[in-house]
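Colleague: Let's see this in three dimensions:
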Amino acid sequence: MTLSPGTYCGGLHIHRDAVVHLMPGVYVIKDGPLIVGPGGPVCKGGENDDDDDDDDEGEGCHRLEHGATLKGDNVAFYFTGDLGKNPVYGDSMMRFEPASVVEISAPKDGPLAGILLFEDRNMAPNLRYEVLSVKARKLVGTIYLPRGRFVVDTDEDVSQDSAYTAIVANRLMLRGSPRLFLNTDYHRTDVPVPAGVGPVGTSRLTK
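Modeller: Numbers count the residues shown, from 1 in each chain. A predicted model of the protein is given here:
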């Protein structure tokens, strides 16, 4: 399925084995989360389970079957509104589930040029933007979450195929044993780097 830019009220949920391609533009995620990829359980060292019985899940099991795919170039996600009380996803404004495949890059021009994820500055504090995916290899652009938490919780590499990834967040959290790649090969892409980020000066982590 192909989706077009616009406002997605109540959030955007991409489930099971859906394959979604995004047309270039800005996707406003309002009053709900962006969720990609729940699927059935697969246990490390075991055989795949074709049913959806959550009782099969246990230690060493991950929801890797029927993972959804989200791909798009020249796209930006703008998160705004009131997430409310979500009994399933809690305070997660974005979650790339373990099963998901995510390959996205920021716009080359327009009001959010170079911005991949943008959190409205009036959002509630400490919302979570989570990457649990084992295949989130391409996140090209700047992630701007001034009040939020960017959480990487996976055993795999993240953003390793990106020319560059910059993160501006209230808090960056790494869990499990991930390797988060913050590449700085700016010459490899025509996605611009926003002012104050990138090749001017040195790469750094700051409080």
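Colleague: Which strand runs longest in this structure?
Modeller: strand 135-154 (DSSP state E).
Colleague: Give me the sheet partners of that strand and which way each runs.
Modeller: When pairs are called by DSSP bridges, strand 135-154 turns out to pair with strand 101-105 (parallel), strand 115-119 (parallel), strand 128-131 (parallel), strand 165-176 (parallel).
Colleague: which other residues reach the next helix-or-strand element following that strand?
Modeller: Remark: after strand 135-154, the chain's next helix or strand is strand 157-158, criterion DSSP states H and E. Outside strand 157-158, the residues that touch it by Cβ atoms under 8 Å, 6 or more residues apart in numbering are 131, 133, 136-137, 139, 152, 178-181. In this view, the C-beta of every residue, glycine as well, is placed from N, C-alpha and C.
Colleague: Neighbour count and pLDDT for those residues - can I get that in CSV?
Modeller: Listed next are these as CSV, based on neighbours: other Cβ atoms under 10 Å; pLDDT from 0 to 100:
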residue, neighbour count, pLDDT
V131, 25, 97
S133, 26, 94
A136, 27, 96
R137, 17, 95
L139, 27, 98
V152, 23, 97
P178, 19, 93
R179, 13, 94
L180, 18, 96
F181, 16, 96
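Colleague: still on that earlier bit, switch the strands paired with strand 135-154 over to TSV; also include distance to P199.
Modeller: Output for the strands paired with strand 135-154, formatted as TSV (distance: least, Cβ to Cβ, whole Å):
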stretch	distance to P199
strand 101-105	18
strand 115-119	17
strand 128-131	25
strand 165-176	10
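Colleague: ok so, going back, buried residues in the longest strand of the chain?
Modeller: Going by neighbour count (16 or more other Cβ atoms under 10 Å), the buried part of strand 135-154 is 135-145, 147-154.
Colleague: quick check, distance from it to the centre of its chain.
Modeller: 6 Å (Cα atoms, centre = their mean, to the nearest Å).
Colleague: okay, that strand in CSV with CA atoms only?
Modeller: Coordinates of the C-alpha atoms in strand 135-154 are reproduced here as CSV (Å, rounded to 0.1, in the frame of the first residue of the first chain):
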residue,chain,number,x,y,z
LYS,A,135,15.9,-4.1,10.9
ALA,A,136,15.9,-0.3,11.3
ARG,A,137,18.9,0.2,9.1
LYS,A,138,18.1,3.5,7.5
LEU,A,139,17.1,6.6,9.4
VAL,A,140,18.6,9.4,7.4
GLY,A,141,18.2,12.9,8.8
THR,A,142,17.7,14.7,12.2
ILE,A,143,15.6,13.4,15.0
TYR,A,144,14.2,16.4,17.0
LEU,A,145,12.5,15.5,20.2
PRO,A,146,13.0,18.4,22.6
ARG,A,147,10.8,17.1,25.3
GLY,A,148,10.8,13.4,24.5
ARG,A,149,12.9,10.3,25.1
PHE,A,150,14.5,8.4,22.1
VAL,A,151,14.7,4.8,23.2
VAL,A,152,16.7,2.1,21.4
ASP,A,153,15.9,-1.3,22.8
THR,A,154,17.2,-4.1,20.6
